[in-house]
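In: 3D, please:
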Amino acid sequence: MGTAADGSRRRPALSLLCPKASILSAPSPSLLWLVGSPRSLQPITVAAALRCLHSLPDDGPFSPNLPHEADEIRGLLVRGFDIVGALLVGTSNFEADAGRALDLARALRERLFGEKASHGMVGGCVDAATGDIRFLVSESIGSEAVEGQEVVWEDEPARLLLEKGCLLRCQLLLQVPLYLPSDEKSAGNEARFASLVEFTAANLRGPHASYLVEGPAAASEEPHRSVILHGSDLNHVSCDLPINPDTNERNAKALPCSEFFPTKRRGLYLTRENADAIQVIVLSNQSFNSSEAGSPVPVLKYFPAASANLRVISLKLDILCYASTDLPVAAAVSELVIPGLSDQLSVMKKAIVSELLTQQPQLCPYHFVPPGLLIPITALYDTRYGEIEEKQSQVRRNLHFRLGLPLDRPLLRTCNALTFGGMRGDKNSSRNGSSILRDVHKDIPSSGVSGGIMSLIDGSYEYYHYLHDGIDDNGWGCAYRSLQTIMSWYRLQQYSATNVLSHREIQQVLVEIGDKNPAFVGSRDWIGAIELSFVLDKMFGVSCKIINVRSGDELPEKCRELAMHFETQGTPVMIGGGVLAYTLLGVDYNESSGDCAFLILDPHYTGSDDLKKIVNGGWCAWKKSVDSKGRSFFLKDKFYNLLLPQRPNMV
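Out: This is a model prediction of the structure:
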């Protein structure tokens, strides 16, 4: 806690890495579990806040069902992150409620890890009206709780997490043979299965288990660092092993995690499209001889009689762990990876045991870092019936509630899971590796509308235009390019993992749904708003609203409706009229004067992806229906169709 200059004890500060919205937007009343990483981050530092979902009947949100909460959070929380406290939102009695929150956090943490916390813990209250947080801090077991001094919201929380730590990932496929006597009752079978899972977990530290540890792929020719650790040597690993750069196996346990990353980067690289992790592979060393004399030991194998039924339980383990970069890799495997595997085995056991004699669940772990969350989490899905199955949707909905995620975006579908081991480099790349500009409207000059209110696209998009990707579509492909920009928006907002379609693939979709005949594929025929709506519905399940305008002169009359679209839906709009198509990114509208401007992204651009050239050339710019020189941007003698894609409301 430290000492002030006058010799008094300095009151502790609470450092918050999680976004303010994750705490201040929590419903009132509610209980939040605070997650940190005491071994990697300074105490008391909060990296995430999880909402409590399960309360005891008739006791309200401040009386959590701790066994139920622990079971769910055990499968969700990545090892290396820990429960460091709790906050009660919407309370009025700080003295009593902060202490209660501290006690609840201690109790949950003990249920999760089987022991009392040796690190500091925090309990606090949030004033739902003002957002003020008051809190108590207890530095260790039995220490007096002291009221904290201030709450610090870190300016660069993601950078702090990435620089301080790294991920370890371990995948393990298990085929567990379970012999079930035909006359045995289900209760006996459940006990037998539970015992088998516990035996499997215990063997992770046994003499026959070894662990191959390898660094992530590097862009350069720098060789991978790799070591082999033996399970029997990991039972008494010290976290204070001296750092020794020697690479032979004798000193392998002393290597810090940072040694397994490329020289130029010691911290964590973590994006949805491309995450990296130290890989930990479990090996079975069947040649190990446990006899002290070194002589062969007879092995007795028992094969049950034919009356027993053999059921092979398939388990697919996949865990992540977060470790400080200076932690010895042997300690990381011993204290994070192996307990993480045991935790996931325990979670799977509880999911499987109720259906042991029927159809076995097909459990598969997926890892996510959804927007608004800085730390990775793991979701365990039963993939028997697919993602659209109602039970699976309810699982995702509960996760959205717990993590404080919006309920209109499918952020935790499998297509949005972390991807490991991909190619390094620019993530803004198309299918042939060329760069794709994103969000080109952010640096353009003002619209010139006096007193107007801007309503803009919500989220990121990619700029597709003529001749992009080496396809010569000059004169016929503008609507295709507008559609590609719209598709990129849905992908970048994580509504779908579907790649942006090429012109030919768009044509094939229209043929498949019966809108076009087969000769359309490979042609240079135009498409319009109706065709775009068909493709978006087929590929993304997106519904679209279409506004018909008889003349370009009438488009300003639609500004109020377009402003409402950008404020509520936030998707790019396609404007098609005559032989031209544009992408609309926003409007600036003065309701009193009727003056308005349209933020146009023009797909007719044929140059290189030079942002300065695009902006200076007016290819992304505010356009008025009639400019200061009396020139009309929208043609008076042409009709226009406006395609307004809707934001899906789903998890």
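In: hey, let's count contacts and neighbours off CA atoms from now on
Out: OK.
In: list the buried ones in stretch 349-361?
Out: Neighbour-count burial for stretch 349-361, counted by 16 or more other C-alpha atoms under 10 Å, picks out 349, 351-353, 356, 360-361.
In: which of these fall in strands?
Out: If you go by DSSP state E, those have nothing in strands.
In: from those, pick the one nearest Pro645.
Out: The nearest member of the buried residues of stretch 349-361 to Pro645, counting by C-alpha to C-alpha, is Pro361 at 37.2 Å.
In: the closest one touches Ile352, doesn't it?
Out: Yes - the pair Pro361 / Ile352 is scored as a contact, 6.3 Å apart, by C-alpha atoms under 8 Å.
In: which of the buried residues of stretch 349-361 sits closest to Leu407?
Out: Distances from Leu407 to the buried residues of stretch 349-361, taken by C-alpha to C-alpha, are shortest for Ala351, at 25.3 Å.
In: for the closest one, give its distance to Phe193.
Out: With distances taken as C-alpha to C-alpha, to the nearest Å, Ala351 is found 12 Å from Phe193.
In: I'd like to know how many residues surround Asp103.
Out: 17 (other C-alpha atoms under 10 Å).
In: for it, phi and psi?
Out: phi -60, psi -40 (degrees, to the nearest 10).
In: any idea how far Gly552 is from it?
Out: Distance from Asp103 to Gly552, counting by C-alpha to C-alpha: 66 Å.
In: and for Gly131?
Out: From Gly131 to Gly552 the distance is 49 Å (C-alpha to C-alpha).
In: retrieve the pLDDT associated with the residue most central in space within the chain.
Out: By C-alpha atoms, centre = their mean, the chain has its centre lying nearest to Val369, at 2.1 Å. In this model, Val369 is scored at 92, pLDDT.
In: and the closest residue to it other than its chain neighbours, what are its phi and psi?
Out: Among residues not flanking Val369 along the chain, Pro376 sits closest, at 4.7 Å (C-alpha to C-alpha, 6 or more residues apart in numbering). As for Pro376, its main-chain torsions (degrees, to the nearest 10) stand at phi -70, psi 150.
In: doesn't Leu87 make contact with Leu104?
Out: No - in this structure, Leu104 is not within contact of Leu87 by C-alpha under 8 Å, at 9.7 Å.
In: between those two, tell me which one has more neighbours.
Out: Leu87 (30 against 22).
In: my reading is that that one lies in a strand. Confirm?
Out: Yes - counting by DSSP: H, G, I helix; E, B strand; the rest coil, Leu87 is part of a strand.
In: can you give me the helices for the stretch 451-600 of the chain?
Out: Under the criterion DSSP state H, counting those that start in this stretch, the stretch 451-600 of the chain contains helices at 478-492, 503-512, 529-540, 559-568.
In: CSV for those, including mean pLDDT, mean neighbour count and distance to Cys170?
Out: Output for those, formatted as CSV (pLDDT from 0 to 100; neighbours: other C-alpha atoms under 10 Å; distance: least, C-alpha to C-alpha, whole Å):
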stretch, mean pLDDT, mean neighbour count, distance to Cys170
helix 478-492, 95, 25, 28
helix 503-512, 97, 18, 37
helix 529-540, 94, 18, 33
helix 559-568, 95, 18, 42
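In: in a markdown table: those helices, plus distance to Asp276.
Out: Output for the helices of the stretch 451-600 of the chain, formatted as a markdown table (distance: least, C-alpha to C-alpha, whole Å):
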| stretch | distance to Asp276 |
| --- | --- |
| helix 478-492 | 20 |
| helix 503-512 | 32 |
| helix 529-540 | 29 |
| helix 559-568 | 36 |
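In: nearest to Phe62, out of these?
Out: Closest of these to Phe62 is helix 559-568, at 34.3 Å (criterion: C-alpha to C-alpha).
In: which helices and strands does that closest one pack with?
Out: Applying 3 or more C-alpha pairs under 8 Å, 6 or more residues apart in numbering; DSSP states H and E, one finds that helix 559-568 contacts strand 453-456, strand 580-589.
In: quick one: closest of these to Gly541.
Out: That would be strand 580-589 among the helices and strands packed on helix 559-568, by C-alpha to C-alpha, at 20.4 Å.
In: who does the closest one pair up with?
Out: Within its sheet, strand 580-589 is paired with strand 453-456 (antiparallel), strand 573-577 (antiparallel), strand 596-601 (antiparallel), according to DSSP bridges.
In: flag every buried residue along the first one.
Out: Judged by neighbour count using 16+ other C-alpha under 10 Å, the buried positions of strand 453-456 are 454-456.
In: check stretch 226-238 too.
Out: 226-231, 234, 237.
In: for Leu178, list each beta-bridge partner.
Out: Arg311.
In: and the helices in the protein?
Out: With helices called from DSSP state H, the chain shows them at 20-24, 66-76, 94-113, 157-164, 186-202, 329-332, 338-353, 390-403, 478-492, 503-512, 529-540, 559-568, 611-616.
In: and the shortest one, how far from the chain's centre?
Out: Distance, stretch centre to chain centre, for helix 329-332: 26 Å (C-alpha atoms, centre = their mean, to the nearest Å).
In: and the first one, by the same measure?
Out: In terms of C-alpha atoms, centre = their mean, the centre of helix 20-24 is set 18 Å apart from its chain centre.
In: check the third one too.
Out: Distance, stretch centre to chain centre, for helix 94-113: 28 Å (C-alpha atoms, centre = their mean).
In: quick check: which of the strands paired with strand 580-589 is nearest to Leu407?
Out: Once these are compared by C-alpha to C-alpha, strand 453-456 is nearest, at 21.5 Å.
In: what's next to that closest one, contact-wise?
Out: 563-564, 566-567, 570, 585-590 (C-alpha atoms under 8 Å, 6 or more residues apart in numbering).
In: again, but for stretch 545-565
Out: Here stretch 545-565 makes contact (C-alpha under 8 Å, 6+ apart) with 454-456, 529, 571, 586-589, 591, 594, 596, 625, 634-646.
In: list phi and psi for Asp515.
Out: Backbone geometry at Asp515, expressed as degrees, to the nearest 10, gives phi -80, psi -30.
In: that one: how many residues sit nearby?
Out: Number of residues near Asp515 (other C-alpha under 10 Å) recorded here: 13.
In: distance of it relative to Val535?
Out: 10 Å.
In: residue contacts, Phe135?
Out: Counting by C-alpha under 8 Å, 6+ apart, the residues that Phe135 touches are 98, 122-125, 147-148.
In: show me what it is bridged to.
Out: In beta-bridge terms (that is, DSSP bridges), Phe135 pairs with Gly124.
In: so how far is Ile44 from it?
Out: For Phe135 relative to Ile44 (C-alpha to C-alpha), the value is 11 Å.
In: tell me the one of the buried residues of strand 453-456 nearest Pro262?
Out: Comparing the buried residues of strand 453-456 against Pro262 with C-alpha to C-alpha places Leu456 closest, at 41.0 Å.
In: residues touching the closest residue to the closest one other than its chain neighbours, list them.
Out: The shortest distance from Leu456 to any non-neighbouring residue, by C-alpha to C-alpha, 6+ apart, is to Gly586 (4.1 Å). By C-alpha under 8 Å, 6+ apart, the contact list for Gly586 reads 454-457, 562-563, 566, 572, 598-600.
In: with Leu50 instead?
Out: Leu50 neighbours (C-alpha under 8 Å, 6+ apart): 32-35, 402-404.
In: any of those buried? List them.
Out: The buried subset of those (16+ other C-alpha under 10 Å) comprises 32-35, 402-404.
In: and the contacts of Leu50, which of them are in strands?
Out: Among the contacts of Leu50, the members found in strands (DSSP E) are 32-35.
In: tell me how many other residues surround Ala107.
Out: 18.
In: ok, the one 3 residues further on next?
Out: Other residues near Glu110 come to 15 when the count uses other C-alpha under 10 Å.
In: residues near the closest residue to it other than its chain neighbours, how many?
Out: Excluding the flanking residues, the one nearest Glu110 by C-alpha to C-alpha, 6+ apart is Lys116, at 5.1 Å. Using other C-alpha under 10 Å, the number of residues around Lys116 comes to 15.
In: stretch 555-563: end-to-end distance?
Out: Terminal-residue distance, stretch 555-563 (C-alpha to C-alpha): 13 Å.
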